[in-house]
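Trainee: could you work out the structure for the sequence below:
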Amino acid sequence: MTPRRLPSLSALRAFEAAARHLSAKRAAEELSVTPTAISHQIRQLEESLGIALFVRRPRQLILTAQGQTLLTVLSGSFDAIAETVTKLRRPPSRHGVKLSTTPAVAARWLLPWVCLLRDAHPQIDLSIQVSHEAVALDGIVADMAIRYGVGPWPGLVAEKLFDNVFVPVCSPSLGLRDPAELVRHTLLHFSSPAPLDWAAWQRQVQVPGLDVSAGLMFSDETHGITAALDGQGIALMSRYLIEEELRQGRLVQPFGPEIQAAPFQLVYPPERLEESAIAAVRDWIMGLLDSPSRESACRSIVERHS
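Mentor: A predicted model of the protein is given here:
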């Protein structure tokens, strides 16, 4: 890189102050030096540039056209430097945001993308609180939530995130091809409230001899997904929460039907959106709907900071 050929920084500061005030005396007061020192610095700057920056008259300084050009550039540059230094000296204030959601949404959808929020807003401390129950969004228990259903939720804004399309999924190692084969495999159930379960699915499909009460029971969907990945059985899951595993082929959808359920929605008190931290978390969540693969997004952040 070619070294910058710049005049003395002290001379540039002296000129900028004198040009802004059109007074060597006032510039001297601002910079805590003597008027003679200001005049000397400006003379040196003019000699190094080979141009006149001022027209000097008794008790009056008038900028030349070249002087006005230099003042415009220096004022903007010094203002930018001062603003940056102020930000560096002032530690960023921390902002805590409490987000309530279900364990599956937290583990399967939010956590893989937290890197994007942390990169864009390092001053925000996000607390993800998992619960199958709707909690108070009073700023104490939680600030905002991702909830299943269509409400109503009085006093809250609801923004649709994604539809719930439930599909049967399993490890490709099971080799399932037809719903009739389910009678020879283990159904994976969740004890937590679920929009759809195997009983609802069976009412549509009517697989002969299928006992939808039998199988393995888990406390929430995340455990059931792990069991499905390990080939322990077949689960009925919201496709949106397992898109990555389906894309990678770690899980497959061997057959239908696909059953539509109510969507997940982001809810919060409308007045809280005026708070920058709440607005930032809201924008992060809504932006996930159009995000690329999480591996590439977070990998680019790691590479940028390495």
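
Trainee: nearest the geometric middle of this protein, what residue?
Mentor: Centroid-nearest residue in the chain: residue 117, 2.7 Å away (criterion: CA atoms, centre = their mean).

Trainee: that one sits in which helix or strand?
Mentor: helix 114-120 (DSSP states H and E).

Trainee: what's the answer for residue 266, then?
Mentor: When elements are assigned from DSSP H and E, residue 266 belongs to strand 259-268.

Trainee: can you count the residues close to residue 290?
Mentor: When neighbours are defined as other CB atoms under 10 Å, residue 290 has 6 of them. C-beta coordinates here come from the backbone N, C-alpha and C atoms, glycine included.

Trainee: oh, that last question was meant for residue 209, not what I typed.
Mentor: By the criterion of other CB under 10 Å, residue 209 has 8 neighbours.

Trainee: ranges for the strands of the stretch 151-300 of the chain?
Mentor: 157-169, 187-190, 216-218, 234-238, 259-268 (DSSP state E, counting those that start in this stretch).

Trainee: pick the most buried one from these.
Mentor: Across the strands of the stretch 151-300 of the chain, averaging neighbours per residue (mean count of other CB atoms under 10 Å) puts strand 234-238 on top, at a mean of 26.

Trainee: and residue 247, which of the strands of the stretch 151-300 of the chain is closest to it?
Mentor: For residue 247, the closest of the strands of the stretch 151-300 of the chain is strand 157-169, at 12.4 Å, according to CB to CB.

Trainee: what packs against the closest one?
Mentor: The contact analysis (3 or more CB pairs under 8 Å, 6 or more residues apart in numbering; DSSP states H and E) places strand 157-169 against strand 144-148, strand 234-238, strand 259-268, helix 276-287.

Trainee: could you confirm residue 142 falls within a helix?
Mentor: No - assigned with DSSP: H, G, I helix; E, B strand; the rest coil, residue 142 falls outside any helix and is coil.

Trainee: let me know the pLDDT of it.
Mentor: On pLDDT, residue 142 comes in at 93.

Trainee: how about the backbone phi and psi for it?
Mentor: Backbone torsions of residue 142, given as degrees, to the nearest 10, read phi -160, psi 160.

Trainee: thought it was touching residue 97?
Mentor: No - Residue 142 is not in contact with residue 97 according to CB atoms under 8 Å; the separation is 9.2 Å.

Trainee: re the thing from before, just how off-centre is the strand holding residue 266 within its chain?
Mentor: With CA atoms, centre = their mean, to the nearest Å as the basis, strand 259-268 stands 21 Å off its chain's centre.

Trainee: CSV for the strands of the stretch 151-300 of the chain, including mean pLDDT and distance to residue 59?
Mentor: As requested, these are arranged in CSV below (pLDDT from 0 to 100; distance: least, CB to CB, whole Å):
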stretch, mean pLDDT, distance to residue 59
strand 157-169, 92, 64
strand 187-190, 92, 86
strand 216-218, 91, 87
strand 234-238, 93, 80
strand 259-268, 92, 63
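
Trainee: what about those strands, which gets the closest to residue 134?
Mentor: Taking CB to CB, strand 259-268 is the member of those nearest to residue 134, at 8.8 Å.

Trainee: what's the closest one packed up against?
Mentor: Strand 259-268 sits against strand 144-148, strand 157-169, helix 198-205, helix 276-287, with contacts defined as 3+ CB pairs under 8 Å, 6+ apart.

Trainee: residues in contact with it?
Mentor: 105, 137, 143-151, 153, 156-167, 195-196, 200-201, 204, 238, 278, 282, 285-286 (CB atoms under 8 Å, 6 or more residues apart in numbering).

Trainee: in the protein, which helix or strand is least confident?
Mentor: helix 294-305 (a mean of 57; mean pLDDT, DSSP states H and E).

Trainee: name the nearest residue to residue 237, sequence neighbours excluded.
Mentor: With sequence-adjacent residues excluded and distances taken as CB to CB, 6 or more residues apart in numbering, residue 237 is closest to residue 169, at 5.4 Å.
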